[in-house]
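Novice: Next come a sequence and a model predicted from it.
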Amino acid sequence: MSDKPRKFKGGVHPSDSKALSASCAIQDAPLLDKYVVIMHQNIGAPPQLLVKKGDVVKKGQLLAKAGGFVSVPLHAPTSGTVSAIDKCPGPTGISVPAIHIDADGEDEWGSPFEPIANWQNCPAGELRQRVWDAGIVGMGGAGFPAHVKLSPPEGKEIDTLILNGAECEPYLTADHRLMLEQAEDVVLGAAILARILGLESAVIGIEENKPDAIAKLEEVAGKYHVRVQPLPVNYPQGAEKQLIYAITGREVPVGKLPMDVKCVVQNVASAVAVADAVVKGIPSIERVTTVTGRPVKTPGNWRFRIGTPIAKALELAGGITEQPAKLLLGGPMMGIAQSSLGVTVMKNTSGILLISSDEVSLYSSEPCIRCGRCVEVCPMSILPATISQAVENKRFDWAQELNVQACIECGSCSYVCPSHRPLNQHFKWAKVEIASKLRRRND
Amino acid sequence: MELKFIIISIISTGIIGVLLGVIIGVVAKAFAVEIDERIEKVEELLPGANCGGCGFAGCSAFAKAVVAEEAAPGQCPVCSGDDVANIASYLGIEAGQGEKMVALVRCSGDISNTVRSLYNGIRDCRSAVVVAGGAKGCDYGCLGFGSCANACPFGAIEMRDGLAVVHPELCVGCENCVATCPKNLIVMVPAAAEVHVYCNSPEKGAAKRQVCKTACIACRKCVKASGEEEHMLVDGFLVKTNYENPPSADLVEASACPTTALRVAGKHAANEYQGVSK
Amino acid sequence: MSEQESTPSIRLPDPARLVVSNSPHMRSGENISRIMFTVVAAMLPACAVGIWFFGLAAVWVLLACTVSCVVFEEGWNKLNKRPSTWKDGSAIITGILLGMNLNAGTPWWVCVIGAFLAIILAKQLFGGLGYNPFNPALVARVGLLIGLPELMTTWNPTHAMVSTLGAADAVSAATPLAMAPGKVEVLQMLIGNTKGCLGETSAIALLIGGAVLLIFKLIKWQVPVAFIGSVAVITGIMHAIDPTTYHSPVVHILSGGLLLGAFFMATDMVTSPMTRKGAIIFGLGCGIMTSVIRLWGSYPEGVSFSILFMNALTPLIDRMTVQKPFGYVAPEKGKVA
Amino acid sequence: MSLAKEFSKGIWKENPVLVLLLGMCPTLGVTSSATNGLGMGVATLFVLMCSNMVISLMRNIVPKKIRIPVYIVVIATFVTIVDMLMQAYAPATLYNALGLFIPLIVVNCIVLGRAEAFASKNGIVKSLADGLGMGLGFTLALVALGGTREFLAGGTLFQIKMIPAWTTDFMLPTSAAGAFIILGLFLAAKNAQAIRKAKREGKAYTPPGLDCRSCNICDMDK
Amino acid sequence: MSELTSEFLVITIGAILVNNFVLSKFLGICPFLGVSKKLDTALGMSGAVIFVMTLASLVSSLINQFLLTRDFVIGGRTMNLQFLQTLVFIVVIASLVQLVEIILQKVSAKLYESLGIFLPLITTNCAVLGCVVLNAKATGPLQSTWYGATIYGFCSAVGFALALVLFSSLREKLDLAQVPKAFEGTAISLVTAGILAMAFLGFSGLV
Amino acid sequence: MSAQKINIPMLGVFLGVVAAAAAGLLAGVQGLTAERIEANKKAAISLAMNQVLPAYDNEPMTETNTFACARGWKVTFYTARKDGQIVGYAGKVDNTDDGFSGTVSLIVGLDADGSVASIASNGMTNSAVIVTAQTETPGLGTAIAERKLQKTITDLFGGSEEIPGLVGNKYLDWYAGKKAGEERWAIVKDGEKVNGKTGATITSTAVCEAVYAVSKTAVEHLDELSKGAE
Ligand SMILES: Cc1cc2nc3c(=O)[nH]c(=O)nc-3n(C[C@H](O)[C@H](O)[C@H](O)COP(=O)(O)O)c2cc1C
Ligand SMILES: Cc1cc2nc3c(=O)[nH]c(=O)nc-3n(C[C@H](O)[C@H](O)[C@H](O)COP(=O)(O)O)c2cc1C
Ligand SMILES: Cc1cc2nc3c(=O)[nH]c(=O)nc-3n(C[C@H](O)[C@H](O)[C@H](O)COP(=O)(O)O)c2cc1C
Ligand SMILES: Cc1cc2nc3c(=O)[nH]c(=O)nc-3n(C[C@H](O)[C@H](O)[C@H](O)CO)c2cc1C
Ligand code: SF4
Ligand code: SF4
Ligand code: SF4
Ligand code: SF4
Ligand code: FES
């Protein structure tokens, strides 16, 4: 493995605006009187509800159990009473079922499991089970159950574990602060993950614009054969395919998974969650989230309980100085725009971002002038302009032929397009249509 | 005139002709293909809209099916009664004309009646649902970006104030719109039924009222006015017309629906209802 | 207003005014009109030189072309109830380029016909900006050349020529490509004191404009390099074989709108390939065809035809140069069926 | 359909050039002037009528398998007759201008197309009406196209200067490129009219395309 | 250059580029418009046309040379059968196409599948008849021989193929354009063909 | 539904009969028109000849000499006599190979010394040059070659009379009285008397070359010509 990272083709350099919150230490959010835990927070099957209205729950107690292998359990963020099981606005704009908990203010522990102090000698299977029991999903974005990634199927060998500390999205600093303030936990988590996978070592990839975190991690990394790999600043460095390429030089084939090139990628926050679950016996009930944006009065990084309403989170950050144009969950390049304040913090909410109206360029799609910029920045080397025109004419078959499925929806192409074309939306739409066509054919 | 010259011409060309005729005959014998000219004829009699409303891949596929008696002429929704009769009499078979069906968009929440966010993106319903579910307050309502109207080859769907409105007299029942709507709002109903509930949201009444002025709140006034579930059926928090036994148009007047979710199709198409604010 | 009282201690955003849209929520700030007006700026030096040498006549031609292009564009939009588009600047570029491709003495009605061919026929009928497969300014120029060959091949002399040669000789003087090889004054061609279209004469001004386009990354350098390079090579070989019938490559490069075409017209992104590999093929094709027409064809000048012809090849080139996606694996043989 | 309708449909509603898109080669090739268009139109009209008539007469006795070769022979005969007659009696300039396209009437899709689609199924009178109507429609379209091209080029019609002040000829309309473009504009105008009509009647409209619907000559091997 | 070489150049470059069958001679417009919606079909049609046109040129120039233009004397007058040209040519082409189809079907099922469907279309493609008639009219020392005629047939077909392939790729691109309603379909295709013809005019004078 | 059985001999006979009938019909029409077509062709030549030659009383069509010119083209001369005296020749050259888009054919009336004859017609002096066939660009190349009266709409209604005789064409009339020397004629494009047109240099040159060739050949072969037909 070479020390010099490879440069992937394409990518963009948006102004990162991380200074707003990069120097703000992580604060623990105070206990609130009401939490709304959205039921389905993971990719895969929804969990199965175990409580009903009126039940009294303890902090960490199981609220719902995994609904299958690709599914994770859900735990109570604090002690209190289940006041309702009802709908609440979901992150994608459609109402989703959620468990409403009235906190009793005691915050009394009712952990479902014990810490495993001697994890070095614990069998990998047990550790993996702990990761599952703790309800850990990928905290870097998609919310994919971590234990699934840690269970490579028979015959698939894994030789590299990569921790993703790139945090290439502008504005977000949660991972940065976490690596700086809990470097030991990150490294510990990496070591545990490596042990689960039967590996000796792990690599942490970090963009060079976080020199303090790199320095800090390098200080403590030696303990567990963890290597820190600084990466050039180039969005989307944190996308797993690009990350794997930068660190190992392997290209994940289209339509394949990291494990097909013998890699597992986990976000650094996921690693910390794993460390917490194993060593301290804490399930996944909180996460570090950046609350930021120009309209936010005091941007910063908070450790929120899962289920914290966004409105409360914004209140903690001092409220707003101006009416924002957009409220996003996640970063400005990939985050999801919200139409209400009713959404709550989920396990994969890495940022709460307000964008002021002068930063937003409203959709005013003009025809593609074929300038080719999108083609040059696309890290997946597909042809955004052509695909987008195909989709515009509902030629989804054509889009499929042009490999729209390879698109990772990083948004680089839309970012540079001088015609402000909704390229990314076209691709998302095409993928949905193609998937539904495939489904129809399989029926 | 030189007779000889003419004779030479005739003979030489005649020989070529005989040769060709024989060759073609041999070829035709060797590669005989059975074709059925009735198919062509039926296709001629069909309207040629190629809309796929019959459930086949265009008019010629349908013609084939009709001749093979795998489909009845009446299955073509575009054919007028006369057309169907012509085809049937040509083939000497049953017309098999079904009941005329028209599309119904089960929503009345236009811009002035529903809460919506400022959606900024591709103006196509199927595309809008991938962004925030379409950014409409009501998760079940019409998004109003007109995918169905674009899919309709007969221009029977009008987009009015962010709501798809079917003009029943223009609708031939080809069902192209049904599969297009990402919210599954469009159903086919008998053209004879005039009264429909223009709402599709299974939410509780209170929740619906928060986002929409014309939602069906399941107050059952119409059910009572029509005589207890004979003409109108209750399904959770939503009431539906019983299309087996549809009510007459005066039911709308009689029941005084508090939200105007209950409408007469023709009047709805003519834009004669406004939401009731509360 | 009593804001002090009504404002709660902590304000939250008003959800009713939040915009929902797909990611990304950040844009680079680049837009079409900025690109287009930068190109306009890059064309100004060459226009200025044209006006300097040809005088007011050049101004009228440029004005007539630009104004009528904009009028046709807006007229079409009005007629078809489409939003106004002239402000995006593409019609202005087309107009100026068309003007630059005409003789300084061209009558106004020819400019209007040209603008009609460019904007209506070559652009709007295909759906407007971005959809036209052929370069509008060139369709206009070639259309006029076919329609009015006499008018399109008579040239005004420059003021400087009139004062040195005398009016009569200046009128009958030839364009550099039509002169006998060896008689061409390269220095005059550099500054632009020759006969020809009003925007194509000054090599220096065109190079300045080309540099601007390259610096602002508005064009792919592969196109002009391949274009000019291949002309230089081919004409260079022919010149080496027979210097008495064939001009030297320097004359070929500096004359007949080659620089104008290579920097401003072959590079029109709408009508040229999208990938860099495609751009090289495109440039080479233009160069080869230009050389062939100039050396052996009946037209003295081949730039317009060659670019137009390569425009027609662009979809094919685009198809041939589709890049493999990151992590592409060729489908296994036999699996296709 | 009534006889009058059979006759009139070819002139506008099913105009062979503008709607059926048949016989594009002579349409483009000879219409550099109205005179040429007229000459070609009349020649085609003659062949169309004769062949429709003869084929309609023979329709019941021709064996199916060889109907196309027979039709071709019939058509080729009339074309050759036209060729000889024109060479003998038409002005030399006209004959020279139509040149190559006269023999090509044989493969003009209109003639064979009507033979196959109409004359082989209808009686002699109807076939004659159809041939006459289609031929007239073709002639009218050709004259209109030729006239437009000629007029746009130099302000002349049938070689007569309509606008004496028009002195500079503009050769684009009479060039090959102009032929395509102006026919394109003609089709668009016809489409626009049809679209408006369809809209008025509340019908769906798809612009005509050249497909096998209007020409079923390739049934030959069936 | 000898006369034959120069005529060879005239025939090849001339037929392919300068006097392109479609774009300057207006022959074969129906398939040019009808079979150009997709590049793949255009390629298939091109192959079929090249094959048939070459073959038809060969066969009909032989017939022309050895049968139709043979003079014979009747009653003191020299006569020949040239007036039967059109009739004989078209019949020859039609049967040729059919024979090719049958043979192809027997010899190579694969080739038949890719070219077969285009063969019947070619019968009524006036490019083939036009080419044959032009050959019969030719006076050049090369083109009036049977091999010269065959070369001409081949080159003309290549010119046709070139135009067809270019045009179909352009039309595929037009599929994505927002063409005004009235211009959709054939109308805009014709305009495109017109501009393509303009571009081809650049080749004039090359031979 | 091919219910009918395929009867191969019957097909052959049917097609044979139809083809034979067609051929017969054609042969008939051919017989009827052949003469007229021949005559038309001849008439075209003799019409042109009458226009370029002075009054004669012999049959020039029968008194022909053919020579190859320096360019390799065949030039055919028709000798016109009045009272047995040679009053002039008509030189005809076909299919020269250097027009803009094809060949040029023309007939030139020559004086007895081989110079291009002048013809007074409608009060103007025209040259005895008629281009009989060309395929140049209408309006551009044709402007050089055609002697065509441009009728305008006002003529139609104004009822101006048909003017018989040659129509003037300044490019062609330039050749009146010219006699080929050693030097080829130049193309003159400016001034009163021109034989070349800007933008149509190729056609101008083609016509010029052809006329020169006729005159030059006549001058070279004046001896044989004056002897009369072989
Ligand atoms: C349907 C599906 C199945 C997956 N299966 C596996 C798996 O078997 N092993 C694995 O390591 N990752 C698996 N992944 C995880 C992906 O590799 C990836 O890490 C996850 O989608 C989050 O990626 P993102 O945050 O870049 O979007 C799977 C993902 C999806 C969507
Ligand atoms: C365009 C793009 C950018 C991403 N950027 C980051 C990032 O900066 N940091 C990160 O941890 N994950 C990022 N991800 C998600 C990773 O691809 C990957 O899913 C994740 O690191 C897997 O870890 P997890 O399952 O623990 O979340 C990004 C994904 C995409 C598609
Ligand atoms: C469509 C078109 C047709 C032309 N037709 C002719 C023609 O018939 N005769 C001719 O000499 N030149 C014709 N030309 C012009 C020649 O290509 C060439 O430019 C010209 O003869 C040289 O012009 P000059 O007079 O400036 O030397 C035509 C040009 C075009 C564009
Ligand atoms: C670098 C560049 C070059 C351009 N060149 C041309 C040109 O040659 N002709 C033209 O009509 N428009 C040109 N345009 C403007 C614009 O792209 C053109 O109008 C579109 O082709 C119209 O759809 C150019 C634009 C840019 C940015
Ligand atoms: S096409 Fe997809 S992967 Fe490529 S830049 Fe656009 S969003 Fe990113
Ligand atoms: S960046 Fe935009 S305008 Fe440029 S090629 Fe891509 S889609 Fe087209
Ligand atoms: S009915 Fe469905 S498809 Fe039609 S506009 Fe409404 S949401 Fe869109
Ligand atoms: S509540 Fe009913 S009527 Fe209102 S928007 Fe929703 S579905 Fe439509
Ligand atoms: S008319 Fe020429 S191919 Fe149809």
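Specialist: Yes, it's here. Ligands and ions are numbered 1, 2, ... in the order given.
Novice: From here on, just use CA atoms for contacts and neighbour counts.
Specialist: Fine.
Novice: could you list every residue that touches A:Val137?
Specialist: Residues near A:Val137 by C-alpha atoms under 8 Å, 6 or more residues apart in numbering or on different chains: A:Asn42, A:Val72, A:Gly143, A:Phe144, A:Pro145, A:Ala146, A:His147, A:Ser270, A:Lys347, A:Asn348.
Novice: how near is it to chain C?
Specialist: A:Val137 sits 23 Å away from chain C when distances are taken as C-alpha to the nearest C-alpha, to the nearest Å.
Novice: Roughly how far does the closest residue in space to that residue that isn't next to it in sequence sit from ligand 5?
Specialist: Closest residue in space to A:Val137, ignoring its immediate chain neighbours: A:Pro145 at 4.1 Å, by C-alpha to C-alpha, 6 or more residues apart in numbering or on different chains. Taking C-alpha to the nearest ligand atom, to the nearest Å as the measure, A:Pro145 falls 23 Å from ligand 5.
Novice: Might one say that A:Pro145 is in contact with A:Leu74?
Specialist: No: counting by C-alpha atoms under 8 Å, A:Pro145 stays clear of A:Leu74, with 11.9 Å between them.
Novice: What values do phi and psi take at the residue nearest to A:Val137?
Specialist: Main-chain torsions, A:Pro145, degrees, to the nearest 10: phi -50, psi 130.
Novice: Can you add secondary structure, pLDDT and distance to C:Gly209 and give the contacts of A:Val137 back as CSV?
Specialist: Output for the contacts of A:Val137, formatted as CSV (DSSP: H, G, I helix; E, B strand; the rest coil; pLDDT from 0 to 100; distance: C-alpha to C-alpha, whole Å):
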residue, secondary structure, pLDDT, distance to C:Gly209
A:Asn42, coil, 90, 55
A:Val72, coil, 94, 61
A:Gly143, coil, 87, 51
A:Phe144, coil, 93, 53
A:Pro145, strand, 95, 56
A:Ala146, helix, 94, 56
A:His147, helix, 94, 59
A:Ser270, helix, 95, 53
A:Lys347, coil, 93, 54
A:Asn348, coil, 91, 50
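Novice: coming back round to it: settle it for me: which of A:Pro145 and A:Leu74 has more neighbours?
Specialist: A:Leu74 (32 against 24; other C-alpha atoms under 10 Å in any protein chain shown).
Novice: burial count for the closest residue to A:Gln266 other than its chain neighbours?
Specialist: Leaving aside its chain neighbours, A:Gln266 sits nearest to A:Leu163 (5.0 Å; criterion: C-alpha to C-alpha, 6+ apart). When neighbours are counted by other C-alpha under 10 Å, A:Leu163 registers 30.
Novice: ok, so what distance separates A:Leu163 from A:Thr290?
Specialist: To A:Thr290, A:Leu163 is 20 Å away according to C-alpha to C-alpha, to the nearest Å.
Novice: Could you pull up the contacting residues of the closest residue to ligand 7 within the stretch 201-350 of chain A?
Specialist: Residue nearest to ligand 7 within the stretch 201-350 of chain A (C-alpha to the nearest ligand atom): A:Ser339, separated by 18.2 Å. Contacts for A:Ser339 (C-alpha under 8 Å, 6+ apart) come out as A:Gly93, A:Leu327, B:Ser117, B:Ala132, B:Ala135, C:Pro15, C:Ala16, C:Leu18, C:Val19, C:Val20.
Novice: Go again with 6 Å.
Specialist: Shown in contact with A:Ser339 (C-alpha atoms under 6 Å, 6 or more residues apart in numbering or on different chains): C:Pro15, C:Leu18.
Novice: pLDDT score for it?
Specialist: At A:Ser339, the predicted lDDT confidence score is 87.
Novice: So what does it look like in phi/psi?
Specialist: phi -110, psi 0.
Novice: Quick one: the strands in chain D, in order.
Specialist: Secondary structure of chain D by DSSP state E: the strands cover D:156-157, D:160-161.
Novice: quick one, which of those is packed in tightest?
Specialist: strand D:156-157 (a mean of 24; mean count of other C-alpha atoms under 10 Å in any protein chain shown).
Novice: could you point out the longest helix in chain A?
Specialist: Criterion DSSP state H: the longest helix present in chain A is helix A:423-442.
Novice: That should have said chain B, apologies.
Specialist: As far as residue count goes, and with DSSP H defining each element, the longest helix of chain B is helix B:3-30.
Novice: right, is stretch D:15-26 up against chain E?
Specialist: Yes: Stretch D:15-26 is in contact with chain E by C-alpha under 6 Å from any C-alpha of the partner chain, via D:Met24, D:Cys25.
Novice: what about that stretch, how long is it end to end?
Specialist: 15 Å.
Novice: can you give me the helices in the stretch 151-278 of chain B?
Specialist: Ranges of helices in the stretch 151-278 of chain B, per DSSP state H, counting those that start in this stretch, are B:176-180, B:205-211, B:221-225, B:250-255, B:265-269.
Novice: May I see those arranged in a markdown table, with distance to ligand 3, mean neighbour count and mean pLDDT as well?
Specialist: Supplementary listing: those in a markdown table, determined by distance: least, C-alpha to the nearest ligand atom, whole Å; neighbours: other C-alpha atoms under 10 Å in any protein chain shown; pLDDT from 0 to 100:
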| stretch | distance to ligand 3 | mean neighbour count | mean pLDDT |
| --- | --- | --- | --- |
| helix B:176-180 | 50 | 20 | 90 |
| helix B:205-211 | 68 | 16 | 87 |
| helix B:221-225 | 77 | 19 | 87 |
| helix B:250-255 | 73 | 16 | 86 |
| helix B:265-269 | 58 | 18 | 90 |
